[in-house]
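1. Whatever this is, show me its structure:
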Amino acid sequence: ERRVAILEQDGIRVGLAFDATSEILSVNPAEIALFAEGARGHQGAVRGALKLEGGDRILQVLDPAAFLKIENIPLVRAEEAKGSLRAKKTKRAQCITFNAGEMRFALPIVAIREIIKVPEIQPSVLNYDYSIGLVNLRGHVVPVLDLAKFLKIPATAQASDSEDHRIIVLKIGANQFGFLVSSVENITAYYEEELLPIPMFKQLKADLFRGLLGGAPGEETIFLNEERLLDHEEVKHLTQGHSALYGEPPAAKANVRSLRRTFLNFRLQDLFSLPLSAVDEIAHCASNILCPPGYPSFVKGILKMRGEVITVIDLRAFYGLPKLDEAVDTKVLIIRGANGRYGLLVDNVDSICTVEDAGKIPIPSLLHSETARAVKCDMAEVAEMKDAGGVARTYMILDLSRLMARLEAPAA
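-> The predicted model follows:
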């Protein structure tokens with residue numbers, strides 16, 4: 001594996017990739033034969049030479065300061081790289097992580113209007129290499145941009161599964177637009193101070209990147225700047241152009257709108273919803289999760305997240321539903337109760353959507369679904385809405401306060 005040497009010169013840090021570590025030498029600077037300014041090789045980075053073993057070995061000596069003068073070299077100040085985590089942290093926020101190509105990105109959850117599965121996409125006359133067409137989102141025309149092509153991310157060798165593709169819908173003024181992404185991963189909590197500055201070349205769209213969320217090597221997340229993204233000239237031009245060409249006439253719009261709320265939709269055999277504001281994070285559930293002895297049968301185990309122990313509740317077991325045959329896409333919804341944070345294990349996360357209060361109805365007295373009957377005591381309302389493909393789907397909205405009261409009753 002290759003290595004990276006971190007050099008610091010005049011408060012600036014630069015990383016040099018090299019093949020392998022050979023030796024660490026202590027030498028007298030007088031032993032280094034310095035080159036004249038014009039004789040330096042490799043863009044002036046070779047400062048001189050060092051003779052070893054009577055001249056049998058000659059080492060080239062690099063000048064760290066020379067790397068700071070190379071055109072288009074990315075520069076990060078050391079104090080910025082260290083961040084200010086020792087200072088008091090700001091209020092914790094949430095972001096949604098997703099993939100485009102082989103890269104992971106994030107956007108604040110407040111910037112996202114909806115996340116939908118990919119419906120039939122209609123062609124558009126506005127021709128951009130990253131514009132893939134239009135979708136009809138419950139009567140609203142939404143242009144869709146391919147995020148990987150928009151950011152000029154190289155194509156992957158292996159195509160991603162189209163079943164995992166999603167469209168992230170954002171809003172500019174009265175107009176909406178969507179980004180096609182390879183997959184949506186999780187809801188993650190973060191502090192603003194955790195965003196590390198990203199070294200930037202003089203490339204186009206560099207201002208769209210706000211920082212880097214750390215992780216294991218190869219699992220870092222690039223945080224997008226939602227304000228610059230929404231204000232980007234190409235995005236605004238494309239969104240406004242589609243609205244002018246394909247937007248619905250004013251007469252078709254409702255004169256009065258009821259309150260709209262955003263929900264996270266998931267599957268527990270059937271479709272369920274929770275208010276998005278009630279979900280702190282979405283996490284993966286390891287197959288070897290630790291479950292201490294003596295716990296109730298509906299407790300899957302415990303997770304450690306950021307120094308906090310979270311009890312994971314298997315909702316299928318809690319409601320007496322049959323065990324899932326293949327737990328490939330299971331997720332843990334992290335919510336907060338009176339006695340701490342809990343994780344709700346669900347079959348998969350379906351989408352994020354916005355529903356008007358007028359579109360919700362009380363729970364019918366007769367529920368045909370076996371799952372609905374099992375969960376009825378914790379249900380608040382039922383919402384029926386059309387997805388991006390125009391198909392009507394019914395979501396059963398859980399009353400989180402009822403569920404938490406029953407979960408925490410034995411511990412009270």
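2. Could you pull out the strands in the stretch 251-400 of the chain for me?
-> 260-268, 270-275, 281-284, 299-305, 308-314, 331-337, 340-346, 348-356, 360-362, 379-386, 392-398 (DSSP state E, counting those that start in this stretch).
3. Turn those into a markdown table, including mean pLDDT.
-> Shown next, in a markdown table, are those (pLDDT from 0 to 100):
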| stretch | mean pLDDT |
| --- | --- |
| strand 260-268 | 87 |
| strand 270-275 | 88 |
| strand 281-284 | 88 |
| strand 299-305 | 88 |
| strand 308-314 | 90 |
| strand 331-337 | 91 |
| strand 340-346 | 91 |
| strand 348-356 | 83 |
| strand 360-362 | 58 |
| strand 379-386 | 74 |
| strand 392-398 | 81 |
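4. Compare those strands and report which one is nearest to residue 408.
-> Nearest to residue 408 among these is strand 331-337 (5.5 Å), distances taken as CB to CB. Any C-beta I mention is one placed from the backbone N, CA and C, and that applies to glycine too.
5. Identify each buried residue in that closest one, please.
-> Neighbour counts over strand 331-337 (16 or more other CB atoms under 10 Å) mark 331, 332, 333, 334, 335, 337 as buried.
6. now the strands of the stretch 251-400 of the chain in TSV, with distance to residue 148?
-> Below are these laid out as TSV (distance: least, CB to CB, whole Å):
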stretch	distance to residue 148
strand 260-268	25
strand 270-275	29
strand 281-284	22
strand 299-305	30
strand 308-314	33
strand 331-337	24
strand 340-346	28
strand 348-356	21
strand 360-362	36
strand 379-386	28
strand 392-398	28
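7. quick one: the strands in the stretch 101-250 of the chain?
-> Going by DSSP E, counting those that start in this stretch, the stretch 101-250 of the chain shows strands at 103-108, 114-117, 131-137, 140-146, 166-172, 175-181, 183-190, 195-196, 209-213, 221-224.
8. what's the most buried one of those strands?
-> Neighbour counts (mean count of other CB atoms under 10 Å) averaged over each of the strands of the stretch 101-250 of the chain peak at strand 175-181, with a mean of 23.
9. For that strand, which outside residues touch it?
-> Contacts with strand 175-181, where a contact means CB atoms under 8 Å, 6 or more residues apart in numbering, come from 98-100, 105, 113, 116, 118, 132, 135, 137, 140, 142-148, 150, 165-171, 235, 238-240, 242-243, 247.
10. who wins for proximity to residue 404 among the strands of the stretch 251-400 of the chain?
-> Closest to residue 404 of those, according to CB to CB: strand 331-337, at 4.4 Å.
11. partners of the closest one, with directions?
-> Neighbouring strands of strand 331-337 in its sheet, by DSSP bridges, are strand 281-284 (antiparallel), strand 340-346 (antiparallel).
12. what angle do that strand and strand 299-305 make?
-> Angle between the axes of strand 331-337 and strand 299-305 is 80 degrees (criterion: axes from the mean of the first three to the mean of the last three CA atoms, to 10 degrees).
13. Outside of strand 331-337 itself, which residues are in contact with it?
-> Contacts of strand 331-337 (CB under 8 Å, 6+ apart): 186-187, 264, 266, 274, 278-285, 303, 305, 310, 312, 341-346, 348-349, 400, 404, 407-408.
14. buried subset of those?
-> Applying 16+ other CB under 10 Å to the contacts of strand 331-337 flags 186-187, 264, 266, 274, 279-283, 285, 303, 310, 312, 341-346, 349, 400, 404, 407 as buried.
15. separation between residue 45 and residue 228?
-> To residue 228, residue 45 is 34 Å away according to CB to CB, to the nearest Å.
16. Contact partners for residue 321?
-> Residues near residue 321 by CB under 8 Å, 6+ apart: 268, 269, 315, 371, 374.
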